[in-house]
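Student: Dropping a prediction and its sequence here:
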There are 2 protein chains.
Amino acid sequence: MDATLSNQYDISDATIEAVARDEKRTSEAICQGLEQGTIVVLGSADGPVKPLGIGAGLRTKVNANIGTSPELSSFQAELHKLEVALAAGADAVMDLSTGGDLDAIRRGLRAACPVSMGTVPIYQVIAALGDEQDVGDVTADDILAIVETHAADGIDFLTLHCGVTRQTVAALAQQPRICGIVSRGGAMLANWMQVTGLENPLYEQYDAVLDICKAHGSAISLGDGLRPGAVADASDAGQIAETVVLGELVLRARQAGVQAFVEGPGHMPLDQIKANVILQKRLCHGAPFYVLGPLTTDIAPGYDHITGAIGGALCAAAGADFLCYVTPAEHLGLPTDQDVWDGVIASRIAAHSADLVKGVPAARDWDDRMSRARADLDWTNMHHLAIDPGRVSTVRGEEATLDPEACSMCGRFCSMKVKLTDRQ
Amino acid sequence: MDATLSNQYDISDATIEAVARDEKRTSEAICQGLEQGTIVVLGSADGPVKPLGIGAGLRTKVNANIGTSPELSSFQAELHKLEVALAAGADAVMDLSTGGDLDAIRRGLRAACPVSMGTVPIYQVIAALGDEQDVGDVTADDILAIVETHAADGIDFLTLHCGVTRQTVAALAQQPRICGIVSRGGAMLANWMQVTGLENPLYEQYDAVLDICKAHGSAISLGDGLRPGAVADASDAGQIAETVVLGELVLRARQAGVQAFVEGPGHMPLDQIKANVILQKRLCHGAPFYVLGPLTTDIAPGYDHITGAIGGALCAAAGADFLCYVTPAEHLGLPTDQDVWDGVIASRIAAHSADLVKGVPAARDWDDRMSRARADLDWTNMHHLAIDPGRVSTVRGEEATLDPEACSMCGRFCSMKVKLTDRQ
């Protein structure tokens, strides 16, 4: 491979070639994206974690959040959710555990996970506090030490809420919010800053953070600690002030040879989604955009995988690169295996709907093959080509059909069976 | 009420007032929409069918399709689906039955249905053919007779594929389709036209059709017989040629004192949805737009309620007024009760997401009340305000939580419990 393919992130040519093959792009295109910072490449062709490209011109990727909570802290349960997420087609997984032996859980999931994995180190800082301690007992060194522990464990991307600063938190006061700070990591840091009177060490000591990430090859997922948690709170001064700071931090990461991408909302009405993508790409210098949802209404707990698919499709079509799934259990509880499955599938539907219109090579082939199978009443191929063949079997198998060619909806009135000589 | 509220559709002042109250608009605004043809009003304050407004400036409405098939023709099963659809919040229901005693099923459902009901009369024309007959045995008079039967049964809106003409079907040949004609009614009519060599009587005898609708007070839902059934087939010459014809027929309906709205796709990539709404509203003189989905990808059978919610939200936000649900069983079989429920809820999420951004009065109140309940950790109100309180109970009840205030996702790390004095 040509020497021009070298890059400041120490990503091997073999890894870049693997991403290029997966994406049906040239290695040069991947390298150019890396150099410009519009593409990040996680994993490695030489290691246990499969290479993954995220960014402009690439297939929209899907992340599944798993992990224990203080109330439900079974490693085995989360290990099983990892398997479910992978089977459903998640491109990456985040371990958001906050209950149980966090080091053991993270390392156990990492060892079992063949795809890129992310974590939110600040959770562990707070979770580690004893009953007699409070957030004021945490030191800046504690925070950086946990960041280093996660990076050293081979975590591919670390969500760090470096943009929750004294200035951006103050900006929240400009426009009253209904839900305040809904990011758990953002709320923890803002609380720590308020109690200690200090600046966020992830911002103040950002150079040290970059050194840690560079040393271990971890990318930074710049967390949106001030993301809106209600449609009423979207696109306010606090959110946008944080995005401005994240843009500065993207540039500093690139200069330090650390890959960076940026997280985004959250809850957001349909008419603000495209504007947010344009703004994030502009303010953050084209860095890949990783969004949670966005949820286009607040009123559908139990169905937020659907609400998130609506927002995610529109957001990805406008340029978002990486969708964090939302499960039906969002706002209600820790997801079950079924919730994990449904969340991944819904996000993949959103991602693929977007890929059809954002210039992803060959995305449309899948749809066209499915539509041809439909026109031919070729149930075998319809089954194979479905995003979830098992679900097709379940739905179709629920009812006996008298005509094996058609289905119980239309029977002999199936429009595909009405032959017209002038039909294409 | 002022005499200026009279209208050419013989809709009573009490009915208009009922719609105005429901929509938080003035009666004058409803009347103006009626006069301009941008709003249709179904049902009546004086009869058994609840008044329903559909159109510009009003809440986006949701229709649920039920009905037997040749393979599954139980009236009781469809009656139960009607109850499920109503319980889930459907604004209107269509009986698309094609199996069993169609007159008895339609009349039974009509008698049991307190909301507006629609049908597709052409299905019954074809279903009534004996085993020894073929489509060529159907006469134009047969078709008009069934239209009259449905109208006389008090069906509020009739889907009539009047735009499937010799000219528009010929336009299909300009651009090869993968899936041809996927509308069952459209395929039946095109087949009849091909076999008989005649023009579509619903077009050729449109004045007679209008007389029938006027006599019985039925609205016309101008069917999109040439709608795309694959993303590859969207926005092609056949589809658009039909829309041009439907625009002409909207004007003729208004002149005859018959309310009309227009049906739309179907399968459509995200980037064509807004253009289609603009085009439909322009070509069809602002008539309300009633869309099936649209489905933003072809690859998700088993999950087309989600695919339809993505497209429906975007379509309604762009101006579509009435969403026909798509259930998880679409492309696979006749929906079960659960599919009906899931289809209605998904479409309502799409409709409400759109209402937040299309100027529907007070739509945002619902979200803001939910978000305030979240900020207050007020689970009683979160439950009451959810689009499906039963689902909230199911998801939340699946796991014991140690902290009744929070949930098993975050437990004591709940961001809402991190109190900041400067938080709004």
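Tutor: Cool, the structure landed.

Student: Of all residues in chain A, which one is nearest the centre?
Tutor: Centroid check for chain A by CA atoms, centre = their mean gives A:Cys324 as the closest residue, at 3.0 Å.

Student: Just to check, that residue is in contact with A:Asn65?
Tutor: Yes: in this structure A:Cys324 lies within contact range of A:Asn65 using CB atoms under 8 Å: 6.6 Å. For glycine as for every other residue, the C-beta is placed from the backbone atoms N, C-alpha and C.

Student: between these two, what contacts are shared?
Tutor: A:Met94 (CB atoms under 8 Å, 6 or more residues apart in numbering or on different chains).

Student: Identify the residue nearest A:Ala85 in space, chain neighbours excluded?
Tutor: Ranked by CB to CB, 6 or more residues apart in numbering or on different chains and with sequence neighbours excluded, the top spatial neighbour of A:Ala85 is A:Ala64, at 3.7 Å.

Student: Wasn't that neighbour part of a helix?
Tutor: No: under DSSP: H, G, I helix; E, B strand; the rest coil, A:Ala64 sits outside any helix and is assigned strand.

Student: How much space separates it from chain B?
Tutor: Here A:Ala64 is placed at a distance of 14 Å from chain B (CB to the nearest CB, to the nearest Å).

Student: what's the distance between that residue and A:Leu158?
Tutor: 17 Å (CB to CB, to the nearest Å).

Student: Tell me, how many residues neighbour the residue in the stretch 1-150 of chain A that chain B sits nearest to?
Tutor: Using CB to the nearest CB, A:Pro70 is the residue of the stretch 1-150 of chain A that sits closest to chain B, at 3.6 Å. The local packing of A:Pro70 (other CB atoms under 10 Å in any protein chain shown) involves 20 other residues.

Student: State the helix or strand in which A:Leu20 lies.
Tutor: I think there's a mix-up here, since residue A:20 is Ala and not Leu. If you go by DSSP states H and E, A:Ala20 is part of helix A:13-23.

Student: Check which helices and strands that helix is in contact with.
Tutor: Applying 3 or more CB pairs under 8 Å, 6 or more residues apart in numbering or on different chains; DSSP states H and E, we find helix A:13-23 packed against helix A:27-36, strand A:39-42, strand A:52-55.

Student: and B:Ala171, which of these is closest to it?
Tutor: helix A:27-36 (39.5 Å; CB to CB).

Student: Quick one: distance of the closest one to the chain centre.
Tutor: When distances are taken as CA atoms, centre = their mean, to the nearest Å, helix A:27-36 is centred 21 Å away from the chain's centroid.

Student: and if you look at stretch A:255-264?
Tutor: On CA atoms, centre = their mean, the centre of stretch A:255-264 falls 14 Å from the chain's centre.

Student: how far does that stretch stretch from start to finish?
Tutor: End-to-end distance of stretch A:255-264 (CA to CA, to the nearest Å): 23 Å.

Student: One more: stretch A:52-72?
Tutor: One end of stretch A:52-72 to the other measures 31 Å (CA to CA).

Student: same question, stretch A:328-346
Tutor: Terminal-residue distance, stretch A:328-346 (CA to CA): 10 Å.

Student: Pull out the buried residues from that stretch.
Tutor: By 16 or more other CB atoms under 10 Å in any protein chain shown, the buried positions in stretch A:328-346 come out as A:328-336, A:339-346.

Student: Mind checking the pLDDT average for it?
Tutor: Mean per-residue pLDDT for stretch A:328-346: 97.

Student: what ranges do the strands span in the stretch 201-350 of chain A?
Tutor: For the stretch 201-350 of chain A, the strands defined by DSSP state E, counting those that start in this stretch occupy A:219-222, A:260-264, A:289-292, A:322-324.

Student: what does the shortest one rub up against?
Tutor: This points to strand A:322-324. With CB under 8 Å, 6+ apart, strand A:322-324 has contacts from A:54, A:60-63, A:65, A:92, A:94, A:261, A:263, A:288-293, A:312, A:315-316, A:347, A:350-351.

Student: Just give the strands next to that strand in its sheet, each with its orientation.
Tutor: Using DSSP bridges, the strands paired with strand A:322-324 are strand A:61-66 (parallel), strand A:289-292 (parallel).

Student: Give the burial count for A:Gly130, as a bare number.
Tutor: So A:Gly130, with other CB under 10 Å, has 7 neighbours.

Student: how close does it get to B:Trp379?
Tutor: 29 Å.

Student: Equivalent analysis for A:Glu248, please.
Tutor: 40 Å.

Student: Same question for A:Asp368.
Tutor: According to CB to CB, A:Asp368 and B:Trp379 sit 47 Å apart.

Student: and the stretch 101-250 of chain A, which of its residues are near chain B?
Tutor: Proximity of the stretch 101-250 of chain A to chain B, by CB under 8 Å from any CB of the partner chain, involves residues A:123, A:126-127, A:169-170, A:172-173, A:176-184, A:186-188, A:190-191, A:194, A:229-233.

Student: Give the PyMOL command for selecting the buried subset of those.
Tutor: To isolate in PyMOL the members of those that are buried, counting by 16+ other CB under 10 Å, one can use:
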select buried, chain A and resi 123+126+127+169+172+177+178+179+180+181+182+183+184+186+187+188+190+191+194+229+230+231+232+233
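
Student: isn't A:Thr307 right next to A:Ala313, touching?
Tutor: No: with contacts counted by CB under 8 Å, A:Thr307 stays clear of A:Ala313, the gap being 11.3 Å.

Student: higher neighbour count, these two?
Tutor: More crowded of A:Thr307 and A:Ala313, by other CB under 10 Å: A:Ala313, with 35 against 31.

Student: Model confidence for the nearest residue to the more buried one once chain neighbours are set aside, exactly?
Tutor: Leaving aside its sequence neighbours, A:Ala313 sits nearest to A:Ala350 (CB to CB, 6+ apart; 3.9 Å). With respect to pLDDT, A:Ala350 has a value of 98.

Student: go on, A:Glu398?
Tutor: 56.

Student: Also A:Gln424?
Tutor: A:Gln424 carries a pLDDT value of 34.

Student: mind listing the helices for the stretch 151-300 of chain A?
Tutor: For the stretch 151-300 of chain A, applying DSSP state H, counting those that start in this stretch gives helices covering A:166-171, A:184-196, A:201-204, A:206-216, A:237-255, A:270-283.

Student: will you turn these into TSV that also has mean pLDDT and distance to B:Asp224?
Tutor: Listed next are those as TSV, based on pLDDT from 0 to 100; distance: least, CB to CB, whole Å:
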stretch	mean pLDDT	distance to B:Asp224
helix A:166-171	97	49
helix A:184-196	95	47
helix A:201-204	98	54
helix A:206-216	98	54
helix A:237-255	98	41
helix A:270-283	98	24
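
Student: right, so of those helices, which gets closest to A:Glu83?
Tutor: Short answer: helix A:184-196, nearest of the helices of the stretch 151-300 of chain A by CB to CB, at 25.1 Å.

Student: quick check: angle from that closest one to helix A:237-255?
Tutor: Orientation check (axes from the mean of the first three to the mean of the last three CA atoms, to 10 degrees): helix A:184-196 against helix A:237-255 gives 100 degrees.

Student: just checking, what packs against helix A:184-196?
Tutor: helix A:121-127, helix A:166-171.

Student: Of all these, which one comes closest to A:Ala215?
Tutor: helix A:121-127 (15.0 Å).

Student: Can you give the distance of that closest one from its chain's centre?
Tutor: Using CA atoms, centre = their mean, the offset of helix A:121-127 from its chain centre is 20 Å.

Student: any idea of the mean pLDDT for that helix?
Tutor: Mean predicted lDDT for helix A:121-127 stands at 95.

Student: what packs against it?
Tutor: Looks like helix A:121-127 contacts helix A:102-112, helix A:140-152, strand A:157-160, helix A:184-196 (3+ CB pairs under 8 Å, 6+ apart).

Student: Thanks a lot, see you next time.
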